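K.L.:
Give me the fold of what follows.
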Amino acid sequence: MDHKLDATPETTVDVFGAGLPTVLTIDPGDTLTVHSLDASGYLAPQRTPGEQQPKMFAEARGHCLTGPIAIRGAQPGDLLAVHLVSLTPDPWGWTVAGALKSPITERLGVTEQPSWLLWELDPDAGTGRCNGGFTRELAPFLGVIGVVPEDTGEHSTIPPRALGGGNIDCKSLVAGSTLYLPVAVADAMLSLGDGHAAQGDGEVGGTAIECPMTTTLTVDLVREPRPVESIHAETPDGRITFGFDADLNVATGDALDAMVRWMQAILDVDKSTALALASTAVDLRITQVANQTWGVHALLPSGVLA
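P.N.:
You can find the predicted model right below:
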């Protein structure tokens with residue numbers, strides 16, 4: 001079955017929580033086309049850099065997300081497979097750096113010295129152009145795709161989590177990708193948004209090209225064992241595993257450990273051999289430095305090992 005979900009006051013949230021009312025219930029195998037606002041929930045584009053337009057949430061606690069969406073029959077221990085079919089940005093977006101205090105802005109000496117880029121986006125041409133005259137190709141994805149991490153309380157959308165995902169901000173999760181999320185609560189309670197028309201690894205300034213997004217996806221439940229039980233993805237770039245932690249070393253170790261275990265399974269080798277092969281083929285990338293919790297992903301590029 002096909003479903004459509006627009007971003008309205010009744011269908012948007014700014015936290016994850018099992019107690020929030022679901023806005024839609026779908027079955028595994030269903031297709032959903034969902035519109036999400038930009039991360040800040042702007043209801044109209046800025047006309048001048050830094051202009052404050054009306055927002056969906058006057059006092060937002062986190063990202064403006066569409067959801068939560070119940071997946072009928074999902075239970076803790078399942079994996080939710082989110083297949084991204086297409087992602088189409090709205091015709092406008094924005095980027096800001098230096099607006100908030102962070103370790104990066106303090107290190108670079110640009111705290112409270114904001115620079116705004118306003119983007120005109122052409123999804124058909126696949127390009128964006130900003131004030132200043134700079135143009136770049138688009139590679140749209142959603143920064144936040146997540147399920148409720150536990151069955152009590154409300155949880156910020158800002159830090160990504162090993163259980164539930166959320167604000168992963170991985171630029172490889174473009175159309176054609178499948179993201180696997182461990183389910184922690186009944187019906188999974190999927191919320192998504194934080195559209196990015198393009199981003200570099202790291203999201204170093206704290207924002208990407210932030211934009212509203214229309215996403216078509218299908219969902220499935222995976223109950224048979226997979227080599228990786230944590231968050232992972234199959235993308236056009238290759239297989240990806242993730243690590244999230246306030247300690248970059250821990251995040252790196254988690255991402256690499258998951259990838260090595262995946263390589264053990266697909267290549268039928270022992271762990272030391274998988275690590276040796278990983279040393280020749282796997283790329284370790286800093287996913288983001290913007291979300292209070294470090295993100296690292298390990299990428300095994302498609303076709304690199306025959």
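K.L.:
Going by C-alpha atoms from here, please, whenever you check contacts or count neighbours.
P.N.:
Will do.
K.L.:
Give me the nearest residue to R61, chain neighbours excluded.
P.N.:
D14 (5.9 Å; Cα to Cα, 6 or more residues apart in numbering).
K.L.:
So that neighbour sits against I158, correct?
P.N.:
No. Taking Cα atoms under 8 Å as the definition, D14 is not a contact partner of I158, at 9.7 Å.
K.L.:
any chance you could map the strands in the stretch 51-200 of the chain?
P.N.:
Chain-ordered strands for the stretch 51-200 of the chain, with DSSP state E, counting those that start in this stretch as the definition, fall at 65-71, 79-89, 92-97, 115-122, 127-130, 135-137, 141-147, 154-156, 165-167, 178-182, 190-196.
K.L.:
Out of these, which gets nearest to W262?
P.N.:
Across these, the minimum distance to W262, taken as Cα to Cα, is reached by strand 178-182, at 13.5 Å.
K.L.:
Contact partners for C64?
P.N.:
Taking Cα atoms under 8 Å, 6 or more residues apart in numbering, we find C64 in contact with 12-14, 36-41, 56-57, 193-194.
K.L.:
who touches the one helix or strand in the chain whose mean pLDDT sits lowest?
P.N.:
The weakest-scoring helix or strand in the chain, judged by mean pLDDT, DSSP states H and E, is helix 103-108 (a mean of 89). Surrounding helix 103-108, the residues in contact under the criterion Cα under 8 Å, 6+ apart are 98, 111, 204-205.
K.L.:
now do stretch 148-158
P.N.:
With contacts defined as Cα under 8 Å, 6+ apart, stretch 148-158 is touched by 14-19, 61-63, 161, 163-167, 183-185, 188-190, 291-292.
K.L.:
end-to-end on that stretch?
P.N.:
Taking Cα to Cα, to the nearest Å as the measure, stretch 148-158 stretches 13 Å from start to finish.
K.L.:
chain center to stretch 76-89: distance?
P.N.:
Computed by Cα atoms, centre = their mean, to the nearest Å, the chain-centroid distance of stretch 76-89 equals 10 Å.
K.L.:
residues of it that come out buried?
P.N.:
Along stretch 76-89, the positions that meet the burial threshold by neighbour count (16 or more other Cα atoms under 10 Å) are 78-89.
K.L.:
So which of these is the closest to V147?
P.N.:
Proximity of the buried residues of stretch 76-89 to V147 (Cα to Cα) peaks at L80, which lies at 8.9 Å.
K.L.:
Verify the stated contact: that closest one with V185.
P.N.:
No. Counting by Cα under 8 Å, no contact exists between L80 and V185, whose distance comes to 11.4 Å.
K.L.:
hey, what's in contact with both of those two?
P.N.:
Common contact partners of L80 and V185 (Cα under 8 Å, 6+ apart): A74.
K.L.:
returning to what we had before: shared neighbours, D14 and I158?
P.N.:
62-63.
K.L.:
downstream neighbour of the longest helix anywhere in the chain in the secondary structure list?
P.N.:
In the chain, assigned by DSSP state H, the helix with the most residues is helix 248-267. Next in sequence after helix 248-267, counting helices and strands by DSSP states H and E, comes helix 271-281.
K.L.:
Which residues does the helix or strand just after that following helix contact?
P.N.:
Read in the C-terminal direction, the helix or strand following helix 271-281 is strand 283-288, with elements assigned using DSSP H and E. When contacts are defined by Cα under 8 Å, 6+ apart, strand 283-288 is touched by residues 168-171, 201-204, 252, 256, 294-301.
K.L.:
In PyMOL, how would I select the buried members of those?
P.N.:
In PyMOL syntax, the buried subset of the contacts of strand 283-288 is picked out as below (16+ other Cα under 10 Å):
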select buried, resi 168+169+170+171+201+202+203+204+252+256+294+295+296+297+298+299+300+301
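K.L.:
Just to check, I231 is in contact with I168?
P.N.:
No. With contact defined as Cα under 8 Å, I231 does not count as touching I168 (9.9 Å).
K.L.:
Test my guess that M213 contacts G195.
P.N.:
Yes. Counting by Cα under 8 Å, M213 sits close enough to G195 to count as a contact (5.3 Å).
K.L.:
Tell me which of the two has more neighbours.
P.N.:
Neighbour comparison, M213 and G195: the larger count goes to G195, with 31 against 24 (by other Cα atoms under 10 Å).
K.L.:
Now for the residue lying closest to D201 once chain neighbours are set aside, how many residues are close by?
P.N.:
Leaving aside its sequence neighbours, D201 sits nearest to T287 (Cα to Cα, 6+ apart; 5.3 Å). Burial of T287 is recorded as 24 neighbouring residues (other Cα under 10 Å).
K.L.:
Alright, I will stop here.
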